[in-house]
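Q: attaching a predicted model along with its sequence, questions to come.
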Protein chains: 2
Amino acid sequence: MSTKGASSGTAAKKRRPRDSLSRDVILEAAETIAVRDGLEGLTFAALGQELHAHATSIYRHFRDKDELVLELIDVLRAKSYDKELTSTGDWREDLRFTAKAIHANYQRYPSLAHQMSVRTTRRPTEFRNVEFALDALRRAGLDDASAATTLRVFGNFVRSTSAMEASIRALPDKVRATDELAWEIEYRQLPAEEFPNISRMSDGLMTVGDPQIFEEALEMMLDAIELRAQRQAADGG
Amino acid sequence: MSTKGASSGTAAKKRRPRDSLSRDVILEAAETIAVRDGLEGLTFAALGQELHAHATSIYRHFRDKDELVLELIDVLRAKSYDKELTSTGDWREDLRFTAKAIHANYQRYPSLAHQMSVRTTRRPTEFRNVEFALDALRRAGLDDASAATTLRVFGNFVRSTSAMEASIRALPDKVRATDELAWEIEYRQLPAEEFPNISRMSDGLMTVGDPQIFEEALEMMLDAIELRAQRQAADGG
DNA sequence: AGCAGATAGTCAATGGCATTGACTTGATTC
DNA sequence: GAATCAAGTCAATGCCATTGACTATCTGCT
């Protein structure tokens, strides 16, 4: 009944119905691919296939790939942690919460993490988080100027550390294996006299992707913030 | 005289003399290009041109681009900070020194920084730095286990923060401008009642590439290490 | 109803890129 | 001085983003 007869028979090439494509539809497909194949798999060709559309149709909705990826990142963030953001009253707990949310989001999409950390730092959609964190820092006892500086320090720390951890996870297994092998081989040849510390602590140094590291680092950062606040209180009083 | 007569006349295509290519020669050319055009400009074609050789000749010396880049990174690091590494006796100063050396190196080659942070973490060539840092941490008062953990925390922190700062610097100007514009526009529309902290501290929040951030973060990390050592001493005694 | 224009999908082509396999050349060795 | 083998070269492949021309299809207008 519809336009071009042969829609029933043997896999006829159909033109996608008009207006069936949109930013949202495309972003959904992009997410599917990104989750399945990572950023490397996210090509216009793959997108076209996923959408049963011609690859270049996407250009009707996004200027270029960068625009698409950036918006995908925003979508994914919104999904993960723009929801509930209510203070517990404990500034440490509040900062810990935001940090872990970012960290978790980066680990969920490892191959996007680097872009997230580098392009996302000043997105308008983050105002709410910035306000929340600033409030926590004020409650920690920092004055306005220190809170602003510390926010940037803390934000950079959380983002960059999370991104690096994720990026290492996102490396192809083969690459990681090769990298580790190179280390192993030379490690065994280290003279204990020249490298006493390494020799003594060898076990503690090997694991790299350990999620424990982030937790430890986070607590240390929070300690440092607390210390800074104490010093400021001492100065002021 | 030489082989194929016409070497004098109008720009004859010469074959590169045998054995005139080597890993070192290629890496030197790679460095030239990387400094001039960044990692994006470092292609086999560009390399070929720089070397007056056919692009694919390089495959006789490196398995693939990854191998080349990785070795380039190693060369650059060796140049920057494998030289002098003598303790000042002050553990804080020693850790600060290594951190700043890494940071400086990353900023010198911004487009390589991300790879440096992700691929370099366990290179055999870093044993000397690891040993040095571990020694400093022991002198700070940490026991073996804590020193090992803290080293990883500190190393991750330094590398990732430095890499992120560099990566942002390495973004094309156009991209950065666009990103900042988006923020600016929405920023002006924020209701001060809903975002009191942001509104009050606006000035302190705008600058992103500020090198001050790294310094602040570093001192905070060192504070945290000191605190940890103090706690450990208190526990033990 | 029928036409004009615009919008959204499609298609074919381009140019950049890494990588591969077949070739050539020249030095070394017997 | 012929065989050999490594090191340069060349042509081709395949993946990728991006562009400009083409073509349906929907909208509103008369």
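A: Received it, and whenever you're ready, just let me know what you need.

Q: quick check: buried residues in the helix or strand bottoming out on mean pLDDT in chain A?
A: Lowest on mean pLDDT, DSSP states H and E among the helices and strands of chain A sits helix A:196-206, with a mean of 83. For helix A:196-206, burial by neighbour count (16 or more other C-beta atoms under 10 Å in any protein chain shown) applies to A:Asn197, A:Ile198, A:Met201, A:Gly204, A:Leu205. (Glycine included, C-beta is placed from N, CA and C.)

Q: do stretch A:120-131 as well
A: The neighbour-count check on stretch A:120-131 (16+ other C-beta under 10 Å) flags A:Thr120, A:Thr121, A:Arg122, A:Arg123, A:Thr125, A:Glu126, A:Phe127, A:Asn129, A:Val130, A:Glu131 as buried.

Q: ditto for stretch A:97-112
A: For stretch A:97-112, a neighbour-count test (16+ other C-beta under 10 Å) marks A:97-103, A:105-107, A:109-112 as buried.

Q: identify the farthest-apart pair in those residues.
A: A:Phe97 and A:Ser111 (25.2 Å; C-beta to C-beta).

Q: need the buried residues of stretch A:97-112 in CSV (columns: pLDDT).
A: Formatted as CSV, the buried residues of stretch A:97-112 follow (pLDDT from 0 to 100):
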residue, pLDDT
A:Phe97, 96
A:Thr98, 96
A:Ala99, 97
A:Lys100, 96
A:Ala101, 95
A:Ile102, 96
A:His103, 97
A:Asn105, 96
A:Tyr106, 97
A:Gln107, 97
A:Tyr109, 97
A:Pro110, 97
A:Ser111, 97
A:Leu112, 98
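
Q: shaky segments in chain A?
A: Low-confidence segments of chain A (pLDDT under 70): A:1-13, A:82, A:206, A:208-209, A:237.

Q: helices and strands around the lengthiest helix in chain A, which ones?
A: Secondary structure assigned by DSSP state H gives helix A:144-170 as the longest helix of chain A. Applying 3 or more C-beta pairs under 8 Å, 6 or more residues apart in numbering or on different chains; DSSP states H and E, one finds that helix A:144-170 contacts helix A:91-108, helix A:113-119, helix A:127-140, helix A:212-236, helix B:113-119, helix B:144-170, helix B:196-206, helix B:212-236.

Q: closest one to B:Trp91 among those helices?
A: That would be helix B:212-236 among the helices and strands packed on helix A:144-170, by C-beta to C-beta, at 8.5 Å.

Q: that closest one vs helix B:144-170, what angle?
A: If you take axes from the mean of the first three to the mean of the last three C-alpha atoms, to 10 degrees, helix B:212-236 sits at 170 degrees to helix B:144-170.

Q: hmm, who's touching helix B:212-236?
A: Residues from elsewhere that reach helix B:212-236 (C-beta atoms under 8 Å, 6 or more residues apart in numbering or on different chains): A:149-150, A:152-153, A:156-157, A:220-221, A:223-225, A:227-228, B:92, B:95-96, B:99-100, B:103, B:137, B:140-143, B:146, B:150, B:154, B:157-158, B:161-162, B:165.

Q: mind doing that once more with 7 Å?
A: With contacts defined as C-beta atoms under 7 Å, 6 or more residues apart in numbering or on different chains, helix B:212-236 is touched by A:149, A:152-153, A:156-157, A:220-221, A:223-224, A:227-228, B:92, B:95-96, B:99, B:103, B:140-143, B:146, B:150, B:154, B:157, B:161-162, B:165.

Q: please apply the same query to stretch A:128-147.
A: A:82, A:85, A:87, A:91, A:94-95, A:98, A:150-151, A:225-226, A:228-229, A:232-233, B:195, B:197-198, B:200-201, B:204.

Q: show the buried residues in the residues you listed.
A: A:91, A:94-95, A:98, A:150-151, A:225-226, A:228-229, B:195, B:197-198, B:201, B:204.

Q: filter those residues down to the ones near DNA strand C?
A: Among the buried ones among the contacts of stretch A:128-147, not one lies near DNA strand C by C-beta under 7 Å from any atom of the strand.

Q: and of the residues you listed, the nearest to DNA strand D?
A: Using C-beta to the nearest atom of the strand, A:Thr98 comes nearest to DNA strand D of the buried ones among the contacts of stretch A:128-147, at 32.2 Å.

Q: could you dump the buried residues of helix A:196-206 to CSV with distance to DNA strand D?
A: Formatted as CSV, those follow (distance: C-beta to the nearest atom of the strand, whole Å):
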residue, distance to DNA strand D
A:Asn197, 40
A:Ile198, 36
A:Met201, 41
A:Gly204, 40
A:Leu205, 37
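
Q: neighbours around A:Arg231, how many?
A: By the criterion of other C-beta atoms under 10 Å in any protein chain shown, A:Arg231 has 13 neighbours.

Q: distance of the residue nearest to A:Val118 when sequence neighbours are not counted from B:Val118?
A: With sequence-adjacent residues excluded and distances taken as C-beta to C-beta, 6 or more residues apart in numbering or on different chains, A:Val118 is closest to B:Ser167, at 4.8 Å. Distance, B:Ser167 to B:Val118, by C-beta to C-beta, to the nearest Å: 11 Å.

Q: ok, the residue most central in space within chain A - contacts?
A: Centroid-nearest residue in chain A, with C-alpha atoms, centre = their mean: A:Tyr106, separated by 2.6 Å. Listed by C-beta under 7 Å, 6+ apart, the contact partners of A:Tyr106 are A:Ala113, A:Met116, A:Ser162, A:Ala163, A:Ala166.

Q: filter those residues down to the buried ones.
A: Buried subset of the contacts of A:Tyr106 (neighbour count, 16+ other C-beta under 10 Å): A:Ala113, A:Met116, A:Ser162, A:Ala163, A:Ala166.

Q: how close does the second one get to B:Arg60?
A: The one in question is A:Met116. 39 Å.

Q: one more: the third one?
A: A:Ser162 is 40 Å from B:Arg60, where distance means C-beta to C-beta.

Q: A:Lys14 too?
A: Separation of A:Lys14 from B:Arg60 (C-beta to C-beta) stands at 50 Å.

Q: before we move on, the earlier item: which one of the buried ones among the contacts of stretch A:128-147 is nearest to DNA strand C?
A: For these, the minimum distance to DNA strand C (C-beta to the nearest atom of the strand) is 34.7 Å, reached by B:Phe195.

Q: I'd assumed B:Glu186 was in contact with the closest one.
A: No. At 11.0 Å, B:Phe195 and B:Glu186 do not qualify as touching, with contact defined as C-beta atoms under 7 Å.

Q: what residues does chain A put near DNA strand D?
A: A:3-4, A:15, A:17-19, A:42-46, A:55-56, A:59, A:64-66.

Q: apply 10 Å and report the result again.
A: Residues of chain A that fall close to DNA strand D, judged by C-beta under 10 Å from any atom of the strand: A:2-4, A:14-20, A:37, A:39-49, A:54-60, A:62-69.
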